[in-house]
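In: A structural model of the following input is requested.
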Amino acid sequence: MSSLSTENTLSRQTLLVLVGGVLLFVVAGFAAGALGLTTKAAWSAATVLLMAFWWIVQPIPLWATALLPLLLFPMAGLNFRAILGAYFDPVNFLFLGGMLIAACMEQWFLHRRLALGIVSFLGVSPRRIVLGFMLATGFITLWISNTATALLMYPIGLAVLQKFAEQRGADDPDIRRFGAALMLGIAYAASIGGVGTKIGTGPNLILVKQYAAANLGEISFLTWLKIGLPIVILYLPLVWLYLVRVAEPISARDFPGGREAINQARSQQGAMSRGEWVSLCGFLLAAFLWTFRQEMDLGFLRIPGWSAQIPWTWKGVLGDLHATLPAPVVKLLSPSGAESQIALLIGVGLMLVPIRLRPVEFALSRRSARGIAWSMLLVLGGGFAMAEGIQGSGLSDLIAGGLKQLPTIHPLLVLFLVCLLTTALSEVASNVATVSIMLPLVTAMASGLGIHPGSLMFAATLAASFGFMLPAGTPPNAVVFASGYLTVPQMARNGLLVDLGGAALISLVCYWVAPWALRG
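Out: Below is the predicted model:
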């Protein structure tokens, strides 16, 4: 009876949020029109407000909210084909290919082998174990999703903690501190590592698309590394030191049974299987082609990009047929879509490479491919469509014009405030939804504040992955909170300083490094 009552209460709450969202949409649309906005701009603003509200409160799945632009933007007078095309942007295909490659690694447990190898190499004192887990997590999440990485490292961490508890008891204060530091380290590293590469997490790809849509150029894999990787390299050891010395002080001495737990987990894997070798080759090939696609000028050495050596283009090969292709396909086959082409060719190719013939088994099974986050493609597309609506309706120009009336603020302070606002929003909303909401706004802000738009866009995107205070702040936070080693006040207290430190570091990197990297 109580269960039925709870379900009814939840359904009533959901209904109230849905109705409240619709009322908010209607009131905002008429209010914006009364303030002098055009019909397109007024109802586009109302649509953005509705999507932001539902993405934060989530009365319906994120992907369902992401479909609203297909209905509401055309009703406001925007071009339906332009909105629909946003869902088929090459960036979505890049994400799809990256997920297929990651699924192949997960299918053969290659990511688990890499993680255990890093942890084993660094040692088994509590402090070194935390460092090892953070480095392993940070490296793996450069390439696969933050959530998947956290789920991978979580049971390995629990196994190590169990070995420790066998020696001194599960309620020992040192073990509790060690468990808290290890779980927080996994969660923090999973999110921090995701900002290091272009494909590390979903928000990164939203930035790539919206940067190009704002006619600012292309963000290559190498360009992203110049901005994102320094943050990972600098912040991971700083957060580790904070965790093991300040937040949850733990011993630097080895504990009995730690090496045994790691070695036991490694021995259970045995020798590398054929599937692991194939997934490793696919992963390394993709990383190589992404990194060295464009020329790399190191000052003392110039490495030519492989794409410049290709004597043909898809437009030349297809001839007259090229002009009849849909706009998203043309974008995919253009030079700027090269990274998406690589991801698709390798991702789909793994589904065609046989591991054994009797019975036939492929490197990436259809079952594993079906298990990837297909709904995330719609969420990404919804963010792209939102940006298309803001720009196509003229709303972005209105925002930029209004910001020109603001008093002059130092660019570094603006970047820091944007990071704080984005981080605060990401504590209660998904990072993909947060970036989808923030990017169109900060892009419009840039010209009014006299700041390089790329710097503001990077600041908002990177900060969206740094919501560390609440279990719901990021999926990795929720994963480790289930361990029982953490309380909400403990997570909030420790996460606050990590949030603030992350906002400061991102601001500095986006102020000093981003303009240089984006010019290159």
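In: for the closest residue to Leu395 other than its chain neighbours, what are its contacts?
Out: Spatially, and ignoring its direct neighbours in sequence, Leu395 is nearest to Ala41 (4.6 Å; C-beta to C-beta, 6 or more residues apart in numbering). Where you see a C-beta, it was placed from the backbone N, CA and C, and this is true even at glycine. By C-beta atoms under 8 Å, 6 or more residues apart in numbering, Ala41 lies in contact with Ala32, Ser393, Gly394, Leu395, Leu398.
In: Ala41 is in what secondary structure piece?
Out: If you go by DSSP states H and E, Ala41 is part of helix 39-57.
In: output that helix as PDB, nothing but the C-alphas.
Out: Output of helix 39-57 as PDB, limited to C-alpha atoms (Å, rounded to 0.1, in the frame of the first residue of the first chain):
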ATOM      1  CA  THR A  39       8.400  36.300 -32.400                       C
ATOM      2  CA  LYS A  40      11.300  34.000 -33.400                       C
ATOM      3  CA  ALA A  41      13.500  35.300 -30.600                       C
ATOM      4  CA  ALA A  42      10.800  35.300 -27.900                       C
ATOM      5  CA  TRP A  43       9.600  31.700 -28.500                       C
ATOM      6  CA  SER A  44      13.100  30.500 -29.000                       C
ATOM      7  CA  ALA A  45      14.000  31.900 -25.600                       C
ATOM      8  CA  ALA A  46      11.000  30.200 -24.100                       C
ATOM      9  CA  THR A  47      12.000  26.900 -25.700                       C
ATOM     10  CA  VAL A  48      15.500  27.200 -24.200                       C
ATOM     11  CA  LEU A  49      14.000  28.000 -20.800                       C
ATOM     12  CA  LEU A  50      11.700  25.000 -21.000                       C
ATOM     13  CA  MET A  51      14.500  22.700 -22.000                       C
ATOM     14  CA  ALA A  52      16.800  24.000 -19.200                       C
ATOM     15  CA  PHE A  53      14.000  23.500 -16.700                       C
ATOM     16  CA  TRP A  54      13.200  19.900 -17.700                       C
ATOM     17  CA  TRP A  55      16.900  19.000 -18.100                       C
ATOM     18  CA  ILE A  56      17.600  20.100 -14.600                       C
ATOM     19  CA  VAL A  57      14.500  18.600 -12.900                       C
END
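In: can you give me the buried ones in it?
Out: Within helix 39-57, the residues that count as buried by 16 or more other C-beta atoms under 10 Å are 40-55, 57.
In: so what's the residue count around Val239?
Out: When neighbours are counted by other C-beta atoms under 10 Å, Val239 registers 24.
In: brain fart, Leu114
Out: Leu114 has 19 neighbouring residues, counting by other C-beta under 10 Å.
In: ok, which stretches of the chain are strands?
Out: Here the chain has its strands, by DSSP state E, at 296-297, 302-303, 354-357, 360-362.
In: who are the contact partners of Ala463?
Out: By C-beta under 8 Å, 6+ apart, the contact list for Ala463 reads Val418, Cys419, Leu420, Thr422, Thr423, Ser426, Gly502, Ala503, Ile506.
In: distance-wise, check the fifth one relative to Ala482.
Out: When you say that, I think you mean Thr423. Going from Thr423 to Ala482 by C-beta to C-beta, to the nearest Å gives 23 Å.
In: more neighbours: these two, which one.
Out: More crowded of Thr423 and Ala482, by other C-beta under 10 Å: Thr423, with 28 against 11.
In: so what pLDDT did the more buried one get?
Out: pLDDT for Thr423: 89.
In: and it, how far from Leu456?
Out: Using C-beta to C-beta, Thr423 is found at 15 Å from Leu456.
In: how about Ala386: what's its closest non-neighbour residue?
Out: No, residue 386 isn't Ala; it's Met. Ser436 (5.6 Å).
In: surely the one you found meets Ile206?
Out: Yes: under the criterion of C-beta atoms under 8 Å, Ser436 makes contact with Ile206 at 6.0 Å.
In: between these two, which contacts overlap?
Out: Listed as contacting both Ser436 and Ile206 by C-beta under 8 Å, 6+ apart are Gly383.
In: ok, and what's touching stretch 442-461?
Out: By C-beta under 8 Å, 6+ apart, stretch 442-461 touches 195, 203-204, 206-207, 210-211, 214, 216, 227, 387, 390, 395-397, 399-404, 406, 408-409, 411, 414-415, 418-419, 422, 435, 438-439, 506-507, 510-511, 514-515, 518.
In: again, 7 Å this time
Out: 203-204, 207, 210-211, 214, 216, 227, 396, 399-400, 403-404, 406, 409, 411, 414-415, 418-419, 422, 435, 438-439, 506-507, 510-511, 514-515, 518 (C-beta atoms under 7 Å, 6 or more residues apart in numbering).
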